[in-house]
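[1] quick one, structure for this:
(chains A and B)
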Amino acid sequence: MAKATNDAQLLIQSIHKAYAATPTNLKIIDLYVVYAVMTALIQVVYMAMVGSFPFNSFLSGILSCVGTAVLAVCLRIQVNKDNKEFKDLPPERAFADFVLCNLVLHLVIMNFLG
Amino acid sequence: MAKSKVEGSGSLRNAFGGVLSVFILLLIGVLAFSIRLFSVIKYESVIHEFDPYFNYRVTQFLSKNGIYEFWNWFDDRTWYPLGRVIGGTVYPGLTLTAGTMWWLANSLNIPLSVETVCVFTAPVFSAFASWATYLLTKEVKGPGAGITAAVILAMVPSYISRSVAGSYDNEAVAIFALIFTFYLYIKTLNTGSLFYATLNSLAYFYMVCSWGGYTFIINLIPMHVLLCIVTGRYSSRLYIAYAPLVVLGTLLAALVPVVGFNAVMTSEHFGSFLVFIILHVVALVYYIKGILTPRLFKMATTLVLTVGVAVCAVVIAILIALVASSPTKGWSGRSLSLLDPTYASKYIPIIASVSEHQPPTWPSYFMDINVLAFLVPAGIVACFLPLSDASSFAVLYLVTSVYFSGVMVRLMLVLAPAACIMSGIALSEAFGVLTRSIKFHINNFFVDSHTNTPATAKLGDSTSTESSVPHQNVVKSDTTAKSEVVKKEKVARRKQKKEKELTENALVKPVPAKKEKWPLVLPFEASFVSILLLIVLGGLYVLHCVWAAAEAYSAPSIVLTSHSHDGMHVFDDFREAYAWLRHNTEVDDKVASWWDYGYQTTAMANRTVIVDNNTWNNTHIATVGTAMSSPEKAAWEIFNSLDVKYVLVVFGGLVGYPSDDINKFLWMVRIGGGVFPHIKEADYLRDGHYRVDAQATQTMLNCLMYKLSYYRFVETDGKGFDRVRRYEIGKKHFKLTHFEEVFTTHHWMVRIYKLKPQKNRIRGKSKKSKLGTKSSSSKQGGITRKNPWN
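    Numbers count the residues shown, from 1 in each chain, chains lettered A, B, ... in the order given. Model (predicted):
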């Protein structure tokens, strides 16, 4: 049992150390993802308290948070310099794609929000 | 110098190849369009069958009243007295597409009527579908395979059957949307671009708008993602291809009113969410693996497993409890009947009664995809030779569509694009190997006689250059045509393992150390004969497709023809009957018939019907079925309670039309009996056989359907010989008491009856009550007539 907790602590420390080495722009994107997921969780808690009517608003709220988190993760994948598959992709193009996809997502959300 | 010259000629070849392929694709589009025009040439530009009439009526409404009215339309001329919410129960893709095309043409001052646009929507979209097949197969294998697959799809009979000119049904645009969505998914998978992922979601939205079969896409793509993860082909491109599609796709699907919240609540979509979660877990695992050392990673996995397994078990238990609490485990009836083919016949007779929902017979595979049945296995092998994400998707698509086509003959349509892609790949690979063999043998012949001829360089074929020494470096030049050939060589090599040893000895090998592998060639005569045979095979396929399009699938089924010794007879009885209804009845009169004719009646006769082909209310259909199976008085009561004025039956006994109501009658009994237990199927059968001759049961001979079909039938030939059933009918001379015949068409195919109004004064009843106290005298004895209204 003690070994397990020791292992867990060692693990968390090494993950922390390895993560600190990532570049700043990636960390900003990660922060954005965490913020989006937090917003989604807050909405779920609110729905649990208040009830799920109108359901379409709840759905569009949750899916907009999840959607923009997913898109941010895709942006992070494309911008990450360690990723060999995307080394010829200019980061501006990746960001433009991200903006376009977000535009479509939020257009649909606006329509569905009710 | 020589290198740039060869490169120049290579790019010229490229340009020429590009122009040629554009021209070929244009021709393929024209071919796809024109092969579907047989029905317009043989009959006329008319809408076919039953379902297209409903779509046509909706499109008419849309073009007349605009999109807001269409979106909020409540139709009160069908399913009387319930009505139907059209805006919320129809898949709007087809009608919106045709409406847009009509509006576009009219705004450009091309005066096309709505009917013309509706009739020709399907051929136009089949041309688009063959171009989409070209794009999809190009992503899977290469442009050569793409063009072959496109030309095969343009002609495949299974697709023609649902997209002839006049077949204005959902599949006309849905198959194009299906192929295009798959193309964009594979393109995203291959390039990893978020732009294509957005386009993929939008194409999926168009597919959801068009057809209920969109659930196939939203289950096939997660299956493929799972397959890639399980076989170790996870990559970040997979994440970009799948994750945005799930989120955007679910949202867009929920936007369509027909789907609505089903997009998140039915079991058909749960697969996609499950794989979404699994994909995130896998992505997280790969990320952590990337930043930790292997030892620490192993520690992490053991820790997570011990904790995670307990949590997972709890979550799964909750999920299972939720899903199991609903009786169908959250699946809709139609999807369940796909997974369990016996489900419909046990529980939902309406689904079981539709002929399109029966399993196909073996010959129908040959009829519908013909030669492709042989080429598909070769294509599967060719897909495995360099197994990529795209080719594994093509194989998975084929396997699942073969299973579903085995369950329901209507889904052969989903098999058709998969079979075309596979056959295109197979044919293109075969042609590649054979033409390369022939070229190699011809060049070998030349090289043996000349040593350093520059003529071989012009061919630009890496096989010929490999065998001549000074042009080694040319092999490394990277025009796409050459890399294409090199790729095909690598692919074709394993196909002919047996000939490998023979041909390697035949090759001249100047330099042993080379990056490219040996090309694989067959003997000259064998490859020549094989090419000829493949061309003959293609010719047979074309012959069959044109025959199927012309003879088998072009019948509009609202107009029938027959050929006899004195020429061709045209049976236009259906339109005659609907026109009579339209001109000789009041606008608000209700017409009752079996549900097959509902759409046509509302579209062509413009009268309110009780039940139609949408079959959404089983009890209402069962009411009509019970009325048709009951004796005259009971049937009159039922129809009167529904405000029905006219009853329409289809009768084929005079001319031998086999799809009439008497042949469908047992289904009416079964469906009616499913809701009203006093209708028992056994009452209508004599010894388990369905007969309407003298041996029929009394219930059968007295029921409304029998009477309305055979009223005055004996007057036609004196004996009442039914040409469909091939015997004389049982009850020949009878009168109708509660109905009167108002119209019978020229060939007696459609018969319309009117409900007689209830008599005001009932003869004999008041006299009976006066004499009730006295004993009945002999004066009344012989005169009392049986009153049918008692």
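
[2] tell me, how many residues neighbour residue 34?
    Reading this off chain A. 12 (other C-beta atoms under 10 Å in any protein chain shown). (Each C-beta comes from the backbone N, C-alpha and C, glycine too.)

[3] should've been chain B
    Neighbours around B:Ser34, by other C-beta under 10 Å: 15.

[4] wait, is it part of a helix?
    Yes. The assignment for B:Ser34 is a helix, going by DSSP: H, G, I helix; E, B strand; the rest coil.

[5] give me the nearest residue to it, chain neighbours excluded.
    Using C-beta to C-beta, 6 or more residues apart in numbering or on different chains and skipping residues adjacent in sequence, the residue nearest B:Ser34 is B:Pro123, 7.8 Å away.

[6] can you count the residues close to the spatially closest residue to B:Ile558 that is not a sequence neighbour?
    Using C-beta to C-beta, 6+ apart and skipping residues adjacent in sequence, the residue nearest B:Ile558 is B:Phe574, 5.1 Å away. Here the count is done by other C-beta under 10 Å, and B:Phe574 has 20 residues near it.

[7] let's check: the centremost residue of chain B is which one?
    The structure's chain B has its C-alpha centroid closest to B:Leu413; by C-alpha atoms, centre = their mean the separation is 4.2 Å.

[8] hmm, back to that, so what's the residue nearest to B:Ile558 up against?
    In this structure, B:Phe574 makes contact with B:Ile558, B:Val559, B:Gln600, B:Met749, B:Val750, judged by C-beta atoms under 8 Å, 6 or more residues apart in numbering or on different chains.

[9] and the buried ones among those residues, selectable in ChimeraX?
    A single ChimeraX command selects the buried members of the contacts of B:Phe574 (16 or more other C-beta atoms under 10 Å in any protein chain shown):
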select /B:558,559,600,749,750
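
[10] same list (the contacts of B:Phe574) but as a markdown table, adding secondary structure.
    Below are these laid out as a markdown table (three-state DSSP):
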| residue | secondary structure |
| --- | --- |
| B:Ile558 | coil |
| B:Val559 | coil |
| B:Gln600 | helix |
| B:Met749 | coil |
| B:Val750 | strand |
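
[11] quick one: name the residues of chain A near chain B.
    Contact residues, chain A versus chain B (C-beta under 8 Å from any C-beta of the partner chain): A:4, A:7-8, A:10-11, A:14-15, A:18-19, A:55-56, A:59-60, A:63, A:66-67, A:70-71, A:73-75, A:77-78, A:82-83, A:85-86, A:89, A:94, A:97-98, A:100-101, A:104-105, A:108-109, A:111-112.

[12] state the pLDDT value of the residue nearest to B:Tyr684 when sequence neighbours are not counted.
    In space, B:Tyr684 comes closest to B:Met700 once its chain neighbours are excluded; the distance is 4.7 Å by C-beta to C-beta, 6+ apart. Here the pLDDT value assigned to B:Met700 is 88.

[13] the helix or strand harbouring B:Gly538 - contacts with which helices or strands?
    Using DSSP states H and E, B:Gly538 maps to helix B:524-547. On a contact count with 3 or more C-beta pairs under 8 Å, 6 or more residues apart in numbering or on different chains; DSSP states H and E, helix B:524-547 meets helix B:143-155, helix B:157-161, helix B:412-449.

[14] packing partners of the first one?
    Secondary-structure packing of helix B:143-155 (3+ C-beta pairs under 8 Å, 6+ apart): helix B:2-35, helix B:114-140, helix B:412-449, helix B:524-547.

[15] apply 10 Å and report the result again.
    If contacts are counted by 3 or more C-beta pairs under 10 Å, 6 or more residues apart in numbering or on different chains; DSSP states H and E, helix B:143-155 sits against helix B:2-35, helix B:114-140, helix B:372-384, helix B:412-449, helix B:480-493, helix B:524-547.

[16] list the buried residues of the fourth one.
    With burial defined by 16+ other C-beta under 10 Å, the residues of helix B:412-449 counted as buried are B:412-434, B:436-441, B:443-444, B:447.

[17] burial count for the residue nearest to B:Ser34?
    So B:Pro123, with other C-beta under 10 Å, has 23 neighbours.

[18] residues in contact with whichever residue of the stretch 651-790 of chain B sits closest to chain A?
    Minimum separation of the stretch 651-790 of chain B from chain A (C-beta to the nearest C-beta) falls at B:Val675, amounting to 32.5 Å. By C-beta atoms under 10 Å, 6 or more residues apart in numbering or on different chains, the contact list for B:Val675 reads B:Asn618, B:Thr619, B:His620, B:Ile621, B:Ala622, B:Thr623, B:Gly625, B:Thr626.

[19] again, but for B:Ala549
    So B:Ala549 contacts B:Ser34, B:Ile35, B:Arg36, B:Leu37, B:Phe38, B:Ser39, B:Met155, B:Pro157, B:Ile160, B:Ser161, B:Val164 (C-beta under 10 Å, 6+ apart).

[20] same thing with B:Arg691?
    B:Tyr684, B:Leu685, B:Thr697, B:Met700, B:Arg725, B:Tyr727, B:Ile729, B:Gly730.

[21] element containing B:Leu112, please.
    Using DSSP H and E, no helix or strand contains B:Leu112.

[22] show me what contacts it?
    So B:Leu112 contacts B:Met101, B:Trp102, B:Leu104, B:Ala105, B:Asn106, B:Cys118, B:Phe120 (C-beta under 10 Å, 6+ apart).

[23] alpha carbons only: can I get the strand or helix carrying the third one in PDB?
    Element membership of B:Leu104, judged by DSSP H and E, is helix B:93-107. In PDB, the C-alpha atoms belonging to helix B:93-107 read as follows (Å, rounded to 0.1, in the frame of the first residue of the first chain):
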ATOM      1  CA  GLY B  93     -32.900  16.900 -47.800                       C
ATOM      2  CA  LEU B  94     -34.400  15.700 -51.000                       C
ATOM      3  CA  THR B  95     -37.200  18.200 -51.200                       C
ATOM      4  CA  LEU B  96     -35.000  21.100 -50.200                       C
ATOM      5  CA  THR B  97     -32.500  20.000 -52.900                       C
ATOM      6  CA  ALA B  98     -35.100  19.800 -55.600                       C
ATOM      7  CA  GLY B  99     -36.700  23.000 -54.400                       C
ATOM      8  CA  THR B 100     -33.400  24.800 -54.600                       C
ATOM      9  CA  MET B 101     -32.700  23.500 -58.100                       C
ATOM     10  CA  TRP B 102     -36.200  24.600 -59.200                       C
ATOM     11  CA  TRP B 103     -35.800  28.000 -57.700                       C
ATOM     12  CA  LEU B 104     -32.300  28.400 -59.200                       C
ATOM     13  CA  ALA B 105     -33.500  27.400 -62.700                       C
ATOM     14  CA  ASN B 106     -36.500  29.700 -62.500                       C
ATOM     15  CA  SER B 107     -34.500  32.600 -61.300                       C
END
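
[24] appreciated, that's everything.
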